[in-house]
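**Student:** Generate a structure from the sequence data that follows.
(one chain, ligands or ions: 3)
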Amino acid sequence: MHLANLLLLASSAAAVSLPNFLDVSSLFTRDILARSSGSCPAVWTQISKDLTAKFLTDGQCNPDARAAIRAVFHDCGAWNKAQGAKGGCDGSLILANEVALPENNGLQGIAAYLQTLASNYKVGVADMIVFAGSHAIVTCPGGPRVQTYVGRKDSSTPAPEGLLPDVNASADSLYKLFLDKGLDASDLAALLGSHSTSNQFHFDESAGNVGAPQDSTPGIWDVKYYSETTAPPKGVLVLPSDAKLAAHATVGKEFKGFVNNAGKWNGKFADAMARMERFGSNGTNGLIDCTKALPSATNAKREFRGMPMFKPRH
Ligand code: HEM
Ligand SMILES: *[C@@H]1O[C@H](CO)[C@@H](O)[C@H](O)[C@H]1NC(C)=O
Ligand SMILES: *[C@@H]1O[C@H](CO)[C@@H](O)[C@H](O)[C@H]1NC(C)=O
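**Tutor:** Ligands and ions are numbered 1, 2, ... in the order given. As a prediction, this is how the structure comes out:
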């Protein structure tokens, strides 16, 4: 830690009235101190090391990373504005065993891993799902660092049904589903870009299609998804929801705006994803910013530095 940060931390901690936490256990005191100073608990830096080992293979993000990104959507995204400061990112994907539902098929493996990791490090399951998803995004070469908080409350109450998208639904109904979450056409088009790093296993289970990617480079966070959804090269399987939304009057216009425009997409994606990661929270009140515990973003086109085990791909 830099000296300046240390001084800042010390001064903000000192500003808190001491008697308030003289009477609580030291662990709790440390937690309050971390909150009042806004510093991310050190355990997340340790967790980050485990997640890098889990998510990165040969310099690309792997199937576990892809599942972790989808897991954030399926925990946080099963929410709408009417639910306010409950539900959303609450760990119910795992704690209410939502992973057993058909719409969550394929997430069982990552769910079990994240639950064990949360338990080993004594952190919340909801926070673990979100942190791991953000971690997976920035692990993919080209992926942005999403503003990421911890401090959520876990819940074993299942999310209401019908709040996750149906792959066969009409573009209008999908658009409305996202509007009800406070996500507009541009947010939806940007979030769909996470299918840049996607392989489908259960939508089409016919031989030859299991594992088919939604763009030609599923290990890299790039904008090929946006051009290839409307003109798929051989081997790329386009989900009907993606095809319909790309052709939708309002969402499609935003979708086309990301074609060949990685800079625009990443900014918009990171913003929308950060908001999704706060579904069910009261803004950032009571949360701690742990963005700095995530790895730094890596450029998809640049070779990786300081990590000799990566073989650059050409
Ligand atoms: C209209 C909205 C969406 C629909 C209908 C949809 C549907 C799907 C479907 C059917 C799959 C394939 C699952 C399988 O068969 O194994 C998939 C994969 C995936 N989705 Fe979505 N999705 C939507 C939005 C999102 C959003 C907003 C995110 C994240 C921000 C996301 C992230 C992912 C990821 C990362 C995968 C790949 C999972 C893997 O490779 O294991 N999706 N999605
Ligand atoms: C979507 O439609 C396809 C083709 O009709 C069908 O095979 C599939 O089971 C449907 N998926 C869902 C989740 O309804
Ligand atoms: C949200 O946070 C604000 C600011 O701390 C607080 O005044 C408000 O009561 C909180 N609302 C809920 C629903 O917790």
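**Student:** From here on, just use CA atoms for contacts and neighbour counts.
**Tutor:** Fine.
**Student:** hey, where'd the strands end up in the stretch 51-200 of the chain?
**Tutor:** Listed in chain order, the strands of the stretch 51-200 of the chain (DSSP state E, counting those that start in this stretch) span residues 56-57, 60-61, 149-150, 199-200.
**Student:** roughly how far apart are the residue lying closest to Ile94 once chain neighbours are set aside and ligand 3?
**Tutor:** Once its chain neighbours are removed from consideration, Ile94 has its nearest residue in Ala111; the separation is 6.1 Å (Cα to Cα, 6 or more residues apart in numbering). Noted for Ala111: a distance of 28 Å to ligand 3, by Cα to the nearest ligand atom, to the nearest Å.
**Student:** Same check on Ser173?
**Tutor:** In this structure, Ser173 and ligand 3 are separated by 29 Å, where distance is defined by Cα to the nearest ligand atom.
**Student:** How about Cys89?
**Tutor:** When distances are taken as Cα to the nearest ligand atom, Cys89 and ligand 3 turn out to be 15 Å apart.
**Student:** Over to Asn168?
**Tutor:** With distances defined as Cα to the nearest ligand atom, the gap from Asn168 to ligand 3 amounts to 35 Å.
**Student:** isn't that residue right next to Val238, touching?
**Tutor:** No. With contact taken as Cα atoms under 8 Å, Asn168 and Val238 are classed as non-touching, separated by 12.0 Å.
**Student:** The two: which has the busier surroundings?
**Tutor:** With neighbours defined as other Cα atoms under 10 Å, Asn168 and Val238 compare such that Val238 has more, 20 against 13.
**Student:** pretty sure the more buried one contacts Pro232?
**Tutor:** Yes. If you go by Cα under 8 Å, Val238 and Pro232 touch, sitting 7.1 Å apart.
**Student:** How about the residues of the stretch 151-300 of the chain by ligand 1?
**Tutor:** Remark: the part of the stretch 151-300 of the chain in contact with ligand 1 comprises 165-167, 174, 191-192, 194-195, 197-203, 241, using Cα under 6 Å from any ligand atom.
**Student:** Go again with 8 Å.
**Tutor:** 164-169, 174-175, 188, 191-205, 211, 213, 239-242, 245, 273 (Cα under 8 Å from any ligand atom).
**Student:** and those, which are buried?
**Tutor:** 164-165, 174-175, 188, 191-200, 211, 213, 239-242, 245, 273 (16 or more other Cα atoms under 10 Å).
**Student:** what sits against Gly127?
**Tutor:** Rather than Gly, residue 127 is Asp. Going by Cα atoms under 8 Å, 6 or more residues apart in numbering, Asp127 touches 89-91, 149-152.
**Student:** Of those - the most surrounded one?
**Tutor:** For the contacts of Asp127, counting by other Cα under 10 Å, the largest number of neighbours falls to Gly91: 33 neighbours.
**Student:** how far away is it from Glu277?
**Tutor:** Distance from Gly91 to Glu277, counting by Cα to Cα, to the nearest Å: 12 Å.
**Student:** between those two, what contacts are shared?
**Tutor:** Common neighbours of Gly91 and Glu277 (criterion: Cα under 8 Å, 6+ apart): none identified.
**Student:** which stretches of the stretch 201-314 of the chain form helices?
**Tutor:** Counting by DSSP state H, counting those that start in this stretch, one finds helices in the stretch 201-314 of the chain at the ranges 224-228, 240-247, 249-256, 262-276.
**Student:** so which of the ones you listed comes closest to ligand 3?
**Tutor:** Distance to ligand 3, taken as Cα to the nearest ligand atom, is lowest for helix 262-276 among these, at 15.6 Å.
**Student:** Would you mark the buried spots in the closest one?
**Tutor:** By neighbour count with 16+ other Cα under 10 Å, helix 262-276 contains the buried residues 262, 265-266, 268-276.
**Student:** How about the residues of the stretch 201-314 of the chain by ligand 3?
**Tutor:** Taking Cα under 8 Å from any ligand atom as the criterion, the contact residues of the stretch 201-314 of the chain with ligand 3 come out as 282-283, 285-286.
**Student:** tell me the contacts of Pro158?
**Tutor:** 92-93, 96-98.
**Student:** Tell me the most packed of the residues you listed, by neighbour count.
**Tutor:** Within the contacts of Pro158, most neighbours by other Cα under 10 Å means Leu93, with 32 neighbours.
**Student:** count of neighbours near the nearest residue to that one once chain neighbours are set aside?
**Tutor:** Counting by Cα to Cα, 6+ apart, Leu93 lies nearest to Asp75, which is 5.1 Å off, once chain neighbours are set aside. Other residues lying near Asp75 total 29 when counted by other Cα under 10 Å.
**Student:** what's the answer for Ile47, then?
**Tutor:** Using other Cα under 10 Å, Ile47 is surrounded by 21 other residues.
**Student:** Correct me if wrong: Ser196 contacts Ile220.
**Tutor:** Yes. Using Cα under 8 Å as the test, Ser196 is close enough to Ile220 to be in contact (7.4 Å).
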